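Chemist: predicted model and sequence follow; I will ask about them next.
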Amino acid sequence: MAGIVKLLVSDTIMSFMWVWSSVLIKIFIHKVLGFSHHDPPAEFLRYTLSILNMFFFAFLAKHANGGAYNPLTVLSSAISGNFSKFLLTVGSRIPCQVFGSILGVQLILYTSPGIGRGPQLTVSLHQGALTEGLLTFTIVLISHGVSAKIPGSFVRKTWISSLSKLALHILGSDLTGGCMNPASVMGWAYARGDHITKEHWVVYWLAPMEATLLAAWTFSYLVRPSKQEKEKKTD
């Protein structure tokens with residue numbers, strides 16, 4: 001029981017920190033260094049700091065009782081686990097991540113009003129759902145491949161995963177925000193008051209979760225052991 005409590009606390013704290021991290025990067029680039037928006041040096045620095053930020057959170061996840069800040073990450077691993085793990089993920093871990101994100105955004109808006117409004121949908125409902133679904137499907141498939149099939153150290157695997165996330169984020173940033181994190185989006189949507197809209201739930205929750213399930217099942221189908229491997233294991 002104590003382990004579960006620590007896990008839920010880790011999820012809450014990491015989700016809180018994650019929404020703050022992007023804002024701190026923005027403050028550092030534009031207010032501390034004084035770069036204007038869409039300046040090439042500012043964009044390059046933002047992407048560099050984003051990758052370093054993902055390394056930092058990957059390190060935290062490794063040493064924080066298995067905590068995570070993204071519902072899609074824990075959902076992807078829960079699919080291959082037992083039913084009790086799935087219930088813990090859906091009933092406790094994901095709500096804690098949402099709660100941490102909401103707290104983080106509320107504190108951001110209290111201390112730095114006007115710093116941002118979070119990811120927003122700029123295309124139609126169906127285009128947005130398709131975009132978030134494809135982005136999520138791709139990153140979940142890559143994440144499974146990196147963790148299961150690519151040999152190498154923690155740094156190498158995190159580097160591949162971070163570059164992939166950044167590339168997919170850039171592709172979807174002008175359409176849906178390219179967030180691929182329902183909890184983080186919920187934090188900003190709750191602050192704006194549009195967290196109960198159809199667009200929010202379909203684009204940022206339903207589509208990514210369906211894509212996560214599909215990607216996990218696709219990966220397990222593509223890498224399932226051959227008959228020879230099964231015979232070796234039984235021998």
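Modeler: The structure has been received and is ready for your questions. Model, not experiment: these values are computed from the prediction. Residues are numbered from 1 along each chain as shown.

Chemist: low pLDDT regions in the protein?
Modeler: Along the chain, segments meeting pLDDT under 70 span 1, 81, 149-152, 224-235.

Chemist: now the helices for it?
Modeler: Using DSSP state H, the helices of the chain run over 2-27, 40-63, 71-79, 83-88, 94-111, 125-149, 154-172, 182-192, 198-201, 207-222, 227-234.

Chemist: deepest-packed of those helices, please.
Modeler: With neighbours taken as mean count of other CB atoms under 10 Å, these reach their highest mean count in helix 182-192, at a mean of 24. Glycine gets a C-beta too; all of them are placed from N, C-alpha and C.

Chemist: sorry, back to before: quick one, which of the helices of the chain is nearest to R117?
Modeler: Closest to R117 of the helices of the chain, according to CB to CB: helix 182-192, at 6.4 Å.

Chemist: that closest one packs against which elements?
Modeler: On a contact count with 3 or more CB pairs under 8 Å, 6 or more residues apart in numbering; DSSP states H and E, helix 182-192 meets helix 2-27, helix 71-79, helix 94-111, helix 198-201.

Chemist: need the residues that contact it.
Modeler: 15, 18-19, 69-72, 94, 97-98, 100-106, 109, 116-119, 177, 179, 195, 197, 200, 204-205, 208-209 (CB atoms under 8 Å, 6 or more residues apart in numbering).

Chemist: alpha carbons only: can I get that helix in PDB?
Modeler: Extracted in PDB, the C-alpha atoms of helix 182-192 (Å, rounded to 0.1, in the frame of the first residue of the first chain):
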ATOM      1  CA  PRO A 182      -3.900  14.500 -22.100                       C
ATOM      2  CA  ALA A 183      -3.100  15.500 -18.500                       C
ATOM      3  CA  SER A 184      -1.100  18.500 -19.500                       C
ATOM      4  CA  VAL A 185      -3.700  19.600 -21.900                       C
ATOM      5  CA  MET A 186      -6.400  19.200 -19.300                       C
ATOM      6  CA  GLY A 187      -4.500  21.500 -16.900                       C
ATOM      7  CA  TRP A 188      -4.700  24.400 -19.400                       C
ATOM      8  CA  ALA A 189      -8.200  23.500 -20.700                       C
ATOM      9  CA  TYR A 190      -9.500  23.600 -17.100                       C
ATOM     10  CA  ALA A 191      -7.900  27.000 -16.600                       C
ATOM     11  CA  ARG A 192      -9.600  28.300 -19.800                       C
END
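
Chemist: brilliant, that's me finished.
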